[in-house]
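*Asks:* this one's structure only:
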Ligand SMILES: Nc1ncnc2c1ncn2[C@@H]1O[C@H](COP(=O)(O)OP(=O)(O)OP(=O)(O)O)[C@@H](O)[C@H]1O
């Protein structure tokens, strides 16, 4: 196996240091990577501000990065911790607030990794990146595309691999993953393959050799808590033991595409792990057995397998424990656990020093309650002036690590464990005018709720707003209803979402499933219809709110509004608990609904 790198202007010898020499570039990067510097929760261990150079990234990649994204000058704290670890091949458990640059940093680090080649010099897929939905895939590809074009700009006479040999996206769009997608994958195995777990599994089942899962160098699971369902560990002191065991069994019966893939990729690690493991009760014993069977394992083997990186803003304890202690996916020696503290506004060029998360200091949260009687602010909402005196709270992912309660046992619905979410893109192709089918069918949406959203959109939004629906709601139907009310609404489409030349004054409709991890810096307001993640007061609904709210005020610098629209006393009580009790946020009044 030999290595070469991407973005290689001019002579490879000049621009393509081997990884061993790259590591010598920076003592601090090495120390971070090997764990001899304390990294978890301790960004202050740096005496000097880390730079992309000091982390060990290659100069051509840094040049392309800064040309394509002029606002990205130096790494965020969290990037400074995990980029060296990724470059050195360590496994990483990554948790930091929304908008702290996790996905972006992952992409940059993977680009920098040595290109994997087989003995016969044929290129292999180096990194497999699993994302929960196609639009996040489009976003990651878009970032790489921009860096690729910038690299050509920086060095127009350079030898540049074509984009498809750097990155490919494999999703189930009309079955393309098994036709043109598969053909391309076989012809030109890309350095980075971005895919939804279900599409990857289909390809594996159809053509096992195409993905070369046994040769990968890295596997990334982005938004891991959306892709892997875990159940809080049973607590014998509590009365909900039966419910836990039932939920665990359901997850084991339907592990979801992500676990199935990881079971295949990490078969050897799992075997080594399960051979030495104390089986601690029904759940783990049964689980190990099921997974051994799926992986077709027998006998003892060495601990091998590609580096695994998992990431989310909301990585709850039971998932982290599962990954770390039970799954067998991680290499027990030297996993780097990054638990970030968010991004300081100072880091992104503001004078403010407050640590921000959940959209941060300049993001306000609002609750509208709708009923037959009209639209009102929630009881107890504070005046905007009062809120600005209080200032923003320090909200970090730590708040979300709360105790397990009976309510946190998720209702394991099929959509939660399938690992792929789809919606009909036909509307974008045919045009909404042809959608007459809805005319004769009663709307599933509360007209008062849509009216509240339409009114707030008209009064409040100058640029782009998001409307986030529960996962099972019909996006196209909501678009239709809103258009009937005169709102310039459209369904989220990752292929066009980043086109900044498009007109503003748009309401982009999506579900909580299809907005996970999306970075749309122009979004100034997020509307949330109802309570997400099943409707009740659970850890998942808190996390759901955090992810959705994190679509505004990205990287701590921006401002914005998150407006929840609920109906009835239950909805009002639940959103109140999520905001005030779990997240420590006071809802603020929207003056025009007084
Ligand atoms: N080092 C940096 N300096 C300035 N901006 C950055 C830096 N890294 C990333 N960004 C910007 O921050 C934004 C958020 O990045 P990204 O989507 O990677 O965050 P995230 O932590 O993955 O968020 P989420 O948890 O919501 O998925 C992007 O617009 C990206 O351009």
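*Replies:* Everything's here; your move. Everything numeric here is computed off the predicted structure, so don't read it as measured data.

*Asks:* OK, contacts around residue 565?
*Replies:* 367, 368, 370, 449, 452, 453, 527, 528, 529, 530 (Cβ atoms under 8 Å, 6 or more residues apart in numbering). Placement of C-beta: from N, CA and C, glycine included.

*Asks:* quick check: pLDDT value at the first one.
*Replies:* Which is residue 367. Looking at residue 367, its pLDDT stands at 96.

*Asks:* tally of neighbours for it?
*Replies:* Residues contacting residue 367 under the criterion other Cβ atoms under 10 Å number 26.

*Asks:* my guess is it contacts residue 577. True?
*Replies:* No: in this structure residue 367 lies outside contact range of residue 577 using Cβ atoms under 8 Å: 11.5 Å.

*Asks:* returning to that earlier point: what would the contacts of residue 565 look like in a markdown table with distance to residue 60 and secondary structure?
*Replies:* Below are those laid out as a markdown table (distance: Cβ to Cβ, whole Å; DSSP: H, G, I helix; E, B strand; the rest coil):
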| residue | distance to residue 60 | secondary structure |
| --- | --- | --- |
| 367 | 49 | strand |
| 368 | 50 | strand |
| 370 | 54 | strand |
| 449 | 51 | helix |
| 452 | 51 | helix |
| 453 | 46 | helix |
| 527 | 42 | strand |
| 528 | 42 | strand |
| 529 | 45 | strand |
| 530 | 48 | coil |
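
*Asks:* among those residues, which one has the most neighbours?
*Replies:* Highest neighbour count within those, by other Cβ under 10 Å: residue 453, with 30 neighbours.

*Asks:* so how far is residue 144 from the nearest residue to it once chain neighbours are set aside?
*Replies:* In this structure, residue 453 finds its nearest non-sequential neighbour in residue 527, 5.0 Å apart by Cβ to Cβ, 6 or more residues apart in numbering. According to Cβ to Cβ, to the nearest Å, residue 527 and residue 144 sit 31 Å apart.

*Asks:* so which residues of the stretch 51-200 of the chain form strands?
*Replies:* 92-95, 127-130, 167-170, 192-195 (DSSP state E, counting those that start in this stretch).

*Asks:* closest one to the ligand among these?
*Replies:* When the strands of the stretch 51-200 of the chain are compared by Cβ to the nearest ligand atom, strand 92-95 sits nearest the ligand, at 8.9 Å.

*Asks:* the closest one near the ligand at all?
*Replies:* No: on the criterion Cβ under 6 Å from any ligand atom, strand 92-95 is out of touch with the ligand, staying 8.9 Å away.

*Asks:* for the residue lying closest to residue 496 once chain neighbours are set aside, helix, strand, or coil?
*Replies:* Leaving out its chain neighbours, the residue that sits closest to residue 496 by Cβ to Cβ, 6+ apart is residue 502, at 7.2 Å. Recorded secondary structure, residue 502: coil (DSSP: H, G, I helix; E, B strand; the rest coil).

*Asks:* quick check: phi and psi on residue 502?
*Replies:* phi -70, psi 160 (degrees, to the nearest 10).

*Asks:* residue in the stretch 251-400 of the chain nearest to the ligand?
*Replies:* Taking Cβ to the nearest ligand atom, the ligand has its nearest neighbour within the stretch 251-400 of the chain at residue 313, 3.9 Å off.

*Asks:* how much space separates that residue from residue 97?
*Replies:* 6 Å.

*Asks:* one more: residue 440?
*Replies:* On the measure of Cβ to Cβ, residue 440 and residue 97 end up 46 Å apart.

*Asks:* looking only at neighbour counts, state which of these two leads.
*Replies:* Shown here are residue 440 and residue 97; by other Cβ under 10 Å, residue 97 has more neighbours (29 against 6).

*Asks:* go ahead and confirm the more buried one touches residue 340.
*Replies:* Yes: contact criterion Cβ under 8 Å: residue 97 and residue 340 qualify, at 6.6 Å.

*Asks:* got a list of contacts for whichever helix or strand residue 456 is part of?
*Replies:* Element membership for residue 456, per DSSP states H and E: helix 447-460. The contact list for helix 447-460, computed with Cβ under 8 Å, 6+ apart, reads 368, 370-372, 374-375, 465, 467, 478, 481-482, 485-487, 507, 525, 527, 529-530, 561, 563, 565, 567, 590, 592-593.
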